[in-house]
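Peer 1: need a 3D model of the sequence below.
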Amino acid sequence: MEDLILNFFGNNAVYLLLFIFLVVVILAGVRIVPQSEKYVVERFGRLKSVLGPGINFIVPFLDRVAHKLSILERQLPTNKQDAITSDNVLVQVDTSVFYRIIEPEKTVYRIRDIDAAIATTVAGIVRSEIGALELDQVQTNRSQLIQRIQGALEKVVDDWGIEVTRAEILDVNLDEATRAAMLQQLNAERARRAQVTEAEGSKRSVELNADAELYAAEQLAKARRIQADAEAYATGVVAQAIAENGLEAAQYQVALKQVEALAQVGAGSGKQTILLPAHAIDAFKDAFGLLKGKA
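Peer 2: This is a model prediction of the structure:
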């Protein structure tokens, strides 16, 4: 029995070893790449291929996976760099960059430390861009500055096989002396605006008063014009009556006014003596005669 078992294994040992060898070769030639990664394959130290997500096959013992790179978006640590604006103000800028690897073969063979290279490039671009702007422009045009920095960075890192997805300026800090000077300038500007507002208010008040006086003068002139028109109309009516009825109508009106005046004089309180010249009595006599005749 023992001889039979030894004969069996002796005759099939070669096949068993061959089977094990084939299994090892197959396993060595299969590479399963995760969705978030890419593999760089080398053959005898030279770039052979880049394996994407899924099942991939390589030549065992000839090819090897030299680099495994994540293609997820990455964020560089917040970087601080000093820059001087065109109006000679020292500022400290906090920046952050987001990027992802799209061509691993370039990233692996053209640059050693990609994070340090990007950080250094960003620092140079930020200093160059801020140096062309004044401090007020840096503060107010931050979005445009970010776009310019990202555009310049994309041109530089294109040879490294990466894509800059976003660049951010987190903060722009000033030294204490500059900050105090800006605060003083801000307070002065607020005081100036307050004075301008007060002056504009006084000017507006004067304008409104002048408009009111002008309006009152216009209304008074209008009233006087209406009164003059009324008097002219009354005069026209009297003139028409004289023209139609002759002098007698005019004398009648005068006599009527004389009698009304005498009645008002006599209506006074107390006892009073009224002295009238002789020709005035004759005038009243004529007036009463006219009124009697009209009656």
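
Peer 1: what helix or strand does Arg166 sit in?
Peer 2: According to DSSP states H and E, Arg166 maps onto strand 162-174.

Peer 1: pull out the buried residues from that strand.
Peer 2: Across strand 162-174, burial judged by 16 or more other Cβ atoms under 10 Å covers Ile162, Val164, Ala167, Glu168, Ile169, Val172, Leu174. Heads up, the C-betas are built off the backbone N, CA and C, glycines and all.

Peer 1: cool, and stretch 105-117?
Peer 2: Buried residues in stretch 105-117, counted by 16+ other Cβ under 10 Å: Glu105, Lys106, Thr107, Val108, Ile111, Ile114, Ala117.

Peer 1: hang on, the earlier thing: how far is the strand holding Arg166 from where the chain is centred?
Peer 2: 22 Å (Cα atoms, centre = their mean, to the nearest Å).

Peer 1: least trustworthy helix or strand in the protein by mean pLDDT?
Peer 2: None of the helices or strands of the chain scores lower by mean pLDDT, DSSP states H and E than helix 278-294, at a mean of 52.

Peer 1: quick revisit: among the buried residues of stretch 105-117, which one lies nearest to Ser36?
Peer 2: Nearest to Ser36 among the buried residues of stretch 105-117: Thr107, at 15.3 Å, using Cβ to Cβ.

Peer 1: give me the helices and strands touching the strand holding Arg166, please.
Peer 2: strand 90-101, helix 114-131, helix 142-157 (3 or more Cβ pairs under 8 Å, 6 or more residues apart in numbering; DSSP states H and E).

Peer 1: and those: which comes nearest Glu73?
Peer 2: strand 90-101 (4.6 Å).

Peer 1: which residue ranges form the helices in the stretch 1-150 of the chain?
Peer 2: Along the stretch 1-150 of the chain, counting by DSSP state H, counting those that start in this stretch, helices occupy 2-29, 104-110, 114-131, 135-140, 142-157.

Peer 1: and those helices as CSV, adding mean pLDDT and distance to Glu200?
Peer 2: As requested, these are exported to CSV (pLDDT from 0 to 100; distance: least, Cβ to Cβ, whole Å):
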stretch, mean pLDDT, distance to Glu200
helix 2-29, 72, 85
helix 104-110, 91, 62
helix 114-131, 90, 37
helix 135-140, 81, 25
helix 142-157, 87, 32
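
Peer 1: export those to TSV and tack on distance to Ile226?
Peer 2: Formatted as TSV, these follow (distance: least, Cβ to Cβ, whole Å):
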stretch	distance to Ile226
helix 2-29	114
helix 104-110	95
helix 114-131	73
helix 135-140	61
helix 142-157	66
